[in-house]
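K.L.:
What shape does this take:
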Amino acid sequence: MTPQEIEALFTRSDDTYAFARWGRPLAPVVFGVDDTTLIVVKSAIEATCQLAGHSMSETDPELGSNLMMFFFKEWSELTEVPDLDRLVPDLTPLVQKLEAAGANQYRLFRFDEAGAIKACFVFLRMDAQLSAMPAQALALGQIVQSFVLWSDAAFREASPLALHEGATILKPEIAALLRAAYDPVMPAVAQDPSHALRLFARIGAAQ
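P.N.:
Here you go, the predicted structure:
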């Protein structure tokens with residue numbers, strides 16, 4: 001990847017550069033799936049943590065669980081989840097907005113005082129499009145998009161995933177970028193596009 005391609009992945013629609021990674025271990029919980037799918041999702045989380053060199057935990061001392069994934073049929077189901085409105089500000093207007101847009105997915109991040117990710121809520125309305133995806137591809141794609149703060153347009157044109165010998169994997173360039181992003185010498189938060197040059201250099205140093 002060129003520095004310009006890396007920069008584009010973290011440059012938002014308003015032309016601001018915004019990068020953040022997790023500042024604490026992941027403590028995931030998944031709602032609305034059967035045991036088989038749960039294993040697939042947790043395997044995707046573990047694999048991505050191992051790739052990036054990030055850690056997992058049974059619980060988060062502040063939130064209990066800090067990566068919450070919800071699988072459901074209709075957006076209105078979210079308003080029936082106990083205490084979710086305490087974790088997600090303005091839940092009802094958000095649900096109405098997503099219903100009106102016909103959206104099938106939404107990710108909401110929360111950040112600590114330093115600006116690093118401290119929580120992520122992943123909402124997946126299992127419409128025909130998402131239901132047709134293999135569970136492995138759906139899980140890995142969502143985890144990757146929850147692992148750093150990407151641009152809101154990062155993967156509109158191209159998926160971060162690829163097929164290799166029948167298995168769904170991260171594209172090698174995205175895997176290398178995640179490893180560089182979680183390198184201990186790199187900052188957890190960045191708003192300057194020069195950060196993309198540093199990521200490019202870390203990828204080169206690792207190869």
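K.L.:
contacts and neighbour counts: CA atoms only from here.
P.N.:
Noted.
K.L.:
can you give me the strands for the protein?
P.N.:
19-20, 28-31, 67-72, 105-111, 117-125, 161-164, 167-170, 189-190 (DSSP state E).
K.L.:
export these to TSV and tack on mean neighbour count, distance to Ala44 and mean pLDDT?
P.N.:
Output for these, formatted as TSV (neighbours: other CA atoms under 10 Å; distance: least, CA to CA, whole Å; pLDDT from 0 to 100):
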stretch	mean neighbour count	distance to Ala44	mean pLDDT
strand 19-20	24	20	98
strand 28-31	17	11	96
strand 67-72	19	13	96
strand 105-111	15	17	96
strand 117-125	21	14	97
strand 161-164	14	12	88
strand 167-170	16	10	88
strand 189-190	19	24	98
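K.L.:
Could you export the ones you listed to JSON lines, including columns for distance to Arg12?
P.N.:
Shown next, in JSON lines, are those (distance: least, CA to CA, whole Å):
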{"stretch": "strand 19-20", "distance to Arg12": "10"}
{"stretch": "strand 28-31", "distance to Arg12": "27"}
{"stretch": "strand 67-72", "distance to Arg12": "23"}
{"stretch": "strand 105-111", "distance to Arg12": "15"}
{"stretch": "strand 117-125", "distance to Arg12": "17"}
{"stretch": "strand 161-164", "distance to Arg12": "21"}
{"stretch": "strand 167-170", "distance to Arg12": "22"}
{"stretch": "strand 189-190", "distance to Arg12": "13"}
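K.L.:
tell me, what residue is most central in this protein?
P.N.:
Centre of the chain computed as the mean C-alpha position; nearest residue by CA atoms, centre = their mean is Ser146, 1.0 Å away.
K.L.:
How much space separates that residue from Val81?
P.N.:
21 Å (CA to CA, to the nearest Å).
K.L.:
what do you get for Ala100?
P.N.:
From Ala100 over to Val81 (counting by CA to CA), the distance is 20 Å.
K.L.:
Give me the nearest residue to the residue nearest to the centre of the chain, chain neighbours excluded.
P.N.:
Cys120 (6.8 Å; CA to CA, 6 or more residues apart in numbering).
K.L.:
Just want the angle from the top helix by length along the chain to strand 67-72.
P.N.:
The longest helix of the chain (DSSP state H) is helix 35-52. Helix 35-52 and strand 67-72 are oriented at 150 degrees to each other (axes from the mean of the first three to the mean of the last three CA atoms, to 10 degrees).
K.L.:
close enough to count as contact, Gln136 and Ile45?
P.N.:
No: checked against CA atoms under 8 Å, the pair Gln136 and Ile45 is beyond contact range at 10.9 Å.
K.L.:
Look at the two and report which has more neighbours.
P.N.:
Neighbour count, other CA atoms under 10 Å: between Gln136 and Ile45, Ile45 has more, with 23 against 17.
K.L.:
where's that one relative to Ile39, distance?
P.N.:
Relative to Ile39, and taking CA to CA, Ile45 is found at 10 Å.
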